[in-house]
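Enquirer: My questions are about this predicted structure, shown below with the sequence.
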Amino acid sequence: MLIAPSILSADMANLKAEVDMLNASAAEWIHFDIMDGVFVPNLSFGFPVLEAVRRCTGKPLDVHLMMVQPERYVERFKAAGAAVLTVQYEACTHLHRVLEHIKKLGMKAGVALNPHTPAGALEEVAQLADVALVMSVNPGFGGQAFIESSYGKISRVRELLLKKNSPAAVEVDGGVTLANAPQIKAAGADALVAGSLIFTAPRPQEVIDKLAAL
Ligand code: DX5
Ligand code: ZN
């Protein structure tokens, strides 16, 4: 299982130490939740934080844009070091064009689906997407409870990608715990985002090891 710890839950006053911990861990990607206060009722961080972490790690930066009009910032995120750039399906009028733009710049392109958005929303972009991100909480905050209906949604996304011959990875974001992770994997996930679970643990690397070993 590919693990992408979410920096949102890291200790921002000790970011270098947190990234060093991730560097020495089994985490494969580092997940960034970019919030604009419009698409979601919260603000997080932007380019300076991304660039600072970029200088401290060789791990791919997995950037999740919870913002309106993400097409305005694709080039800036590339320059800031994003390796994976995921946009919210609900925020894109021209999703196909945005995904093509992301890929043309050499990044992996992801599509995130809010909990209310059906798996079938991916039908016409499945072949373009490198990542299908299933939001298993309503975006905007770390530390929320996993929405139980997400298991079925993950399976439906997995089936759709198979049907469409899409190589996209299924990434699950929100409310991941050591208790629900096996069922999330069984439903069809390839990658897990985890924030509070990892960064509030006394020994975060052990939690990452356990998730990665699934
Ligand atoms: C929610 C974010 C998540 C969040 C996950 O808006 O997209 O990535 O950081 O946090 P946990 O693992 O605490 O639910
Ligand atoms: Zn996220």
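Expert: Cool, got the structure. Ligands and ions are numbered 1, 2, ... in the order given.
Enquirer: Which helix or which strand is home to the nearest residue to Val74 once chain neighbours are set aside?
Expert: Using CB to CB, 6 or more residues apart in numbering and skipping the chain neighbours, the partner closest in space to Val74 is His101 (5.3 Å). (Glycine included, C-beta is placed from N, CA and C.) Counting by DSSP states H and E, the element that carries His101 is helix 95-104.
Enquirer: Any residue of the helix or strand that that helix is followed by touching ligand 1?
Expert: Following the chain from helix 95-104 toward its C-terminal end, the next helix or strand by DSSP H and E is strand 108-113. No. Looking at strand 108-113 against ligand 1 by CB under 6 Å from any ligand atom, there are no contacts, and the closest approach is 8.0 Å.
Enquirer: ok, Thr57 - how many residues close by?
Expert: When neighbours are counted by other CB atoms under 10 Å, Thr57 registers 15.
Enquirer: Could you do Gly46 as well?
Expert: With neighbours defined by other CB under 10 Å, the count for Gly46 comes to 17.
Enquirer: picking that back up, going by neighbour count, list what's buried in the helix holding His101.
Expert: Of the residues in helix 95-104, those buried under the neighbour-count criterion (16 or more other CB atoms under 10 Å) are 95, 98-99, 101-102.
Enquirer: returning to what we had before: what about the residue nearest to Val74, distance to Glu75?
Expert: Taking CB to CB, to the nearest Å as the measure, His101 and Glu75 are separated by 9 Å.
Enquirer: doesn't Lys78 fall inside a strand?
Expert: No. Secondary structure of Lys78 (DSSP: H, G, I helix; E, B strand; the rest coil): helix, not part of a strand.
Enquirer: Dig out what Leu85 forms beta bridges with.
Expert: Val63, Ala109 (DSSP bridges).
Enquirer: Any residues of the chain in contact with ligand 1? List them.
Expert: So far as CB under 6 Å from any ligand atom goes, the chain lies against ligand 1 at 6, 8-9, 31, 33, 64, 137, 139-144, 173-176, 193-197.
Enquirer: show me what contacts the residue in the chain that ligand 2 sits nearest to?
Expert: Nearest residue of the chain to ligand 2: His64, at 3.7 Å (CB to the ion). Listed by CB atoms under 8 Å, 6 or more residues apart in numbering, the contact set of His64 reads 31-34, 86, 110, 112, 133, 173, 193.
Enquirer: Strand 108-113 and the helix or strand where Leu160 lies, what's the angle between them?
Expert: In this structure, Leu160 is located in helix 150-163 according to DSSP H and E. Using axes from the mean of the first three to the mean of the last three CA atoms, to 10 degrees, the inter-axis angle of helix 150-163 relative to strand 108-113 is 140 degrees.
Enquirer: is stretch 100-120 anywhere near ligand 2?
Expert: No. Using CB under 5 Å from the ion, stretch 100-120 stays clear of ligand 2, coming no nearer than 7.4 Å.
Enquirer: now swap in stretch 76-90 and tell me
Expert: No. With CB under 5 Å from the ion as the threshold, stretch 76-90 lies outside contact range of ligand 2, at a closest distance of 7.7 Å.
Enquirer: Tell me the span between the first and last residue of that stretch.
Expert: Using CA to CA, to the nearest Å, the end-to-end distance of stretch 76-90 comes out at 21 Å.
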